[in-house]
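Undergrad: return atomic coordinates for the entry below.
(chains A and B)
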Amino acid sequence: MDEELKKFKIVRNVSLLFFALLLFTSLKLQLIEGRKYYRLSEENCIREKYIVPPRGKIFDRNNIELANTRPGFYVSVTRACVDESSLQKIADILGIKEKIIKDRLHLQKNPYVPVKIAHDITYQQLALIEEELEDLKEVQVGVEPLRNYPYQDLLFHVIGYVGEVTEQELKDGKYILGDYVGRMGLEKFYETSLQGKRGVEYIEVDARGRELRKLSEKRPCPPIPGKDLYTTLDVALTESVAVYLSNYERAACVCLNPENGEVLVLYSKPGFDPNLFIHGIEKSQWQIINKDLNAPMFNRTIMSCYPPGSTFKPFIALAGLDSRMVDKDRYFKPCFGKLRLGRRIFKCWRPHGRLNLIDALIKSCDIYFYQLGTFIGIDTIVSRIKKIGFGKKMGIDLPNEKEGFLPNRKWYEKRYGKNWTSGHIYNLSIGQGDLLVTPLQLACAYTVFVNDGKIPIPHLIKTDSVKYIDTGISSDAINIVCEGLKGVVAAGTGILARLKHYEVWGKTGTAQNPHGKDHALFIGLAPAQDPKILVCVVVENAGHGGSVAAPIAGRIIKAFLTQETALTEK
Amino acid sequence: MIKKIDTTILTTIIMLTIIGLIMIFSAAGKNYFIRQTIWLGTGLLFLLLFCQVTPRFWSNFAPIVYGLSILSLIFILVHHSGYPRRWITFNSISIQPSEFAKFATIIMLASYLSTKKSLKKFPDILVPLFIIAIPMFLIFIEPDLGASQIFFPILLLMLYWSGMPGAKLFIFFSPIISAAASFSIYIWVAYMIFLVVFLYFHKQLYDLIYGLITNLLAGLMMPVIWNSLKTYQQKRIISFFSPWLDPRGMSWQVIQSKIAIGSGRIYGKGFLSGTQKKLAFLPERHTDFIFSCLGEEFGFLGIAITIILYIYLFYKLLNLARETKNRFSSLFVIGVFAWLSYQTFLNIGMTMGLIPVTGVPLPFISYGGSALFAGLMAIGLCLAISKHKMIY
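TA: Sure, this is the predicted structure:
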């Protein structure tokens, strides 16, 4: 009996101990840590859902939409809940490899947050998914605002494009998976204001991550749409420019309002349809674009550096006149088509005979400018030219602008040693050799003739406060060079840019190019009394500036002044 | 006759089953609720029927009951296609023979042990071990690890209750501990030191020799056997025992279950308003994890009441086992006590993350006809025993 009681007590006490342990554990979970677990249970089933704000629109100067948004269907998947067969099915429908989807899903750390795996699916795909949605319960379809570019490749370089956020950008925490980021042009430069602020709504979900209902208890925060961008661009004029340049493969064109620096046209050819980036471009396609020798991704107007050729001569003349070392009646040795310097012979494109400064500009005589350049010297040239903006960025509101290159005495000495010769100055004087400029720099430099020595900073957004660079060049010098520029179109090399009702002035240029045919350049302004437009045309490997670039510039000017477009003209 | 039934045990059981019905309604809906109610009704009828049968009947027919249950276990292994092989299906009713095997095995063990007047030596353990080994093995290969492990504590407690000294039991089964401990050399050395000290104070030469030899053999052989296995075989075994090998590595289920219970706090979120349960964060919420729903919707109050009911039930059973004069009856009741209390602890401990997840239902509360039925049958027999407890 005693033995029985002992066993009974042992079993009873041991069992009691175990059940007391259960009670204490529940006490700990519910009373001591209850608050924590309650919060966890709330978080478990309430999910923050981000609402993508519509991106700000981009307008041209006449309020035509250059970039807007359209609705598009997306597909999203919750990693924690999706199974193999659903993944495979959705991969089949979308035509994406399963592995790519999986990699994408793993970019999102929290497996319970849905990840967008495809944007802008077609109606056919949508119908197929909707049909199978019962079997694909972890898959959701929704509507989101997508970027749309009605003008396709026409404004590709200046507007830029948006692309999906990369892994690297995700690490900064500014973006979330599925966001679109401005990648080039205005889209990139004004990213922060175009982007807007994403909204949040609170959604009750179940354990499979399916959305059940919007939570009324927690107030949603609506998205703030991105700010619209009102640009100075003229899309009608750009269309005309594209038509006039349609015969050439590679070209750049800048049109400015020379008085205030508003950019009307910034056209680079070839371009690319930015709408293709929205869809998500495939690697193979991307490689094709990058390997294309015509470099469609390259904005030639601000990134391409050309030797300016004869279009640079007015600035040599300006430097000479401003330094008062020459006047407009200065004569040098007459031009017989050749100039000997030591053993080397420098040529002119044709013999011009005896010329004064203005005639030399009109006829674009190289021999005259060789002599003018060496006469005033490298330091005089560089000190004036620098003020006009060569060799540094113009400060336009676009990313990736290039500086070009302006050599100086120090650079020549470093590069060619002590015995660098007048030959280098010869080359510099006619805009060849080591000097490199972007089409935008060249265009801006010519505004110096309009604004009495001041150069407005080029810009793409309408503004009342335009900033100017003061070059300090005397108006006497400017007036003399202007006279020459008038003569260029009236009777000189730029005669093909002449228009019936308007007086145009400008300068041709033919940039020698070691890799092929010369680049044709022309810069024109009109009307002469009060220039409203400045056009800078660069056509790569097309030949002479006077024969190729000048007529195009003339037609562009005409299209702008008469408000006719190339399309109506035809 | 009915008046003589121990109504306190019956009331406790009914209260627990009502808690179960409420939670099944909340966790799984009306259909499950209705089905469980039907099971409960018929189960209670069987319980009342079993009250009328004298314990002597069971003692006499124990081999037949045991044999039938073994046959049913073999039957599903042979006839069931697909895994796991746990159910026999007649029309729309599925029966889980493993639940009834527990009941039958306890009867068989009680019947066998009651014929032995004194159990003091190791060989006395062999026959009872064989009795549980058959159903345990058959259920293990179904596979149903949760159900098969219940037999072991039943055997231990019944042997202990029938007079086998605890020290002897420990020494007999110690090689198992040695084999398990051999996966870590430090744990094994510590265990062996403890064993040697224990055996020294035990002061029995044969036990000492047996204990040392078997433990050394088990501890040294285990790594050799393990290393001779192919990698895929090792992996298969690890995955089979994974919850026990990695008790701290908490699974998704356990985390969700702990959140459910913890978020219930004192008074719970209220009937039908548990978010964890409602939104399907809880797996198996009407069977293995029903206790988590209870904790979420009725809070600490609900849990405390339920656990106290269980404690009261088990206390009454233990008391009955002590008071019963008949050796078979006493052993049967202690077997039922071991079965139900161990399973309850295993289930609740699992939902609170105390012990690894093995799928065992919570007695009288979890959804499932077979488990409820077997439980009610066993309790019916206990009630019959309580009527006859003064008869030797």
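
Undergrad: residues in contact with stretch A:415-426: which ones?
TA: Stretch A:415-426 has contacts (Cβ atoms under 8 Å, 6 or more residues apart in numbering or on different chains) with A:339, A:341-342, A:344, A:346, A:370, A:373-374, A:377-378, A:381, A:407, A:412-413, A:433-434. Quick note: C-beta positions are derived from backbone N, CA and C, even for glycine.

Undergrad: what does the stretch 251-392 of chain B put close to chain A?
TA: B:256, B:258-266, B:275-276, B:279-282, B:295-296, B:299-300, B:303-304, B:307, B:310-311, B:314-315, B:318-319, B:321-322, B:334, B:337, B:341, B:345, B:348-349, B:352, B:354 (Cβ under 8 Å from any Cβ of the partner chain).

Undergrad: returning to what we had before: just the buried ones from the contacts of stretch A:415-426?
TA: Buried members of the contacts of stretch A:415-426, counted by 16 or more other Cβ atoms under 10 Å in any protein chain shown: A:339, A:346, A:370, A:373-374, A:377-378, A:381, A:407, A:412, A:433.

Undergrad: which of those residues sits closest to B:Ile70?
TA: Set against B:Ile70, the nearest of those by Cβ to Cβ is A:Pro407 (101.6 Å).

Undergrad: the closest residue to the closest one other than its chain neighbours: what's it in contact with?
TA: Spatial nearest neighbour of A:Pro407, excluding adjacent residues (Cβ to Cβ, 6 or more residues apart in numbering or on different chains): A:Asp434 at 4.6 Å. A:Asp434 sits next to A:405, A:407, A:411, A:415, A:424, A:427-428 when contact means Cβ under 8 Å, 6+ apart.

Undergrad: can you give me the distance of A:Asp434 to A:Pro308?
TA: Using Cβ to Cβ, to the nearest Å, A:Asp434 is found at 12 Å from A:Pro308.

Undergrad: the stretch 201-350 of chain A: strands as residue ranges?
TA: For the stretch 201-350 of chain A, strands defined by DSSP state E, counting those that start in this stretch occupy the ranges A:211-214, A:229-230, A:251-256, A:263-269, A:338-341, A:344-347.

Undergrad: any chance of the contacts of A:Asp434 in JSON lines, plus secondary structure and pLDDT?
TA: Output for the contacts of A:Asp434, formatted as JSON lines (DSSP: H, G, I helix; E, B strand; the rest coil; pLDDT from 0 to 100):
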{"residue": "A:Phe405", "secondary structure": "strand", "pLDDT": "90"}
{"residue": "A:Pro407", "secondary structure": "coil", "pLDDT": "88"}
{"residue": "A:Trp411", "secondary structure": "helix", "pLDDT": "87"}
{"residue": "A:Arg415", "secondary structure": "helix", "pLDDT": "85"}
{"residue": "A:His424", "secondary structure": "helix", "pLDDT": "86"}
{"residue": "A:Asn427", "secondary structure": "helix", "pLDDT": "87"}
{"residue": "A:Leu428", "secondary structure": "helix", "pLDDT": "88"}
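
Undergrad: closest point of chain B to chain A, which residue?
TA: B:Gly262 (2.6 Å; Cβ to the nearest Cβ).

Undergrad: phi, psi of residue 297?
TA: Using chain A here. A:Met297 adopts backbone torsions of phi -80, psi -10, taken as degrees, to the nearest 10.

Undergrad: returning to that earlier point: please identify which pair of the contacts of stretch A:415-426 lies farthest apart.
TA: Most distant of these, by Cβ to Cβ, are A:Leu339 and A:Glu413, 23.8 Å apart.

Undergrad: the closest residue to A:Ala91 other than its chain neighbours: neighbouring residues, count only.
TA: In space, and not counting its chain neighbours, A:Ala91 is closest to A:Glu98: 4.4 Å by Cβ to Cβ, 6+ apart. Using other Cβ atoms under 10 Å in any protein chain shown, A:Glu98 has 14 neighbouring residues.

Undergrad: correct me, but A:Glu98 touches A:Gln88?
TA: Yes: under the criterion of Cβ atoms under 8 Å, A:Glu98 makes contact with A:Gln88 at 6.0 Å.

Undergrad: can you give me the pLDDT of residue 110?
TA: I went with chain A, as the question did not name one. In this model, A:Asn110 is scored at 69, pLDDT.

Undergrad: look at chain B instead
TA: Note for B:Ala110: predicted pLDDT of 94.

Undergrad: C-terminal to the helix or strand harbouring it, what's the next element?
TA: Using DSSP states H and E, the element containing B:Ala110 is helix B:97-115. Remark: after helix B:97-115, the chain's next helix or strand is helix B:123-140, criterion DSSP H and E.
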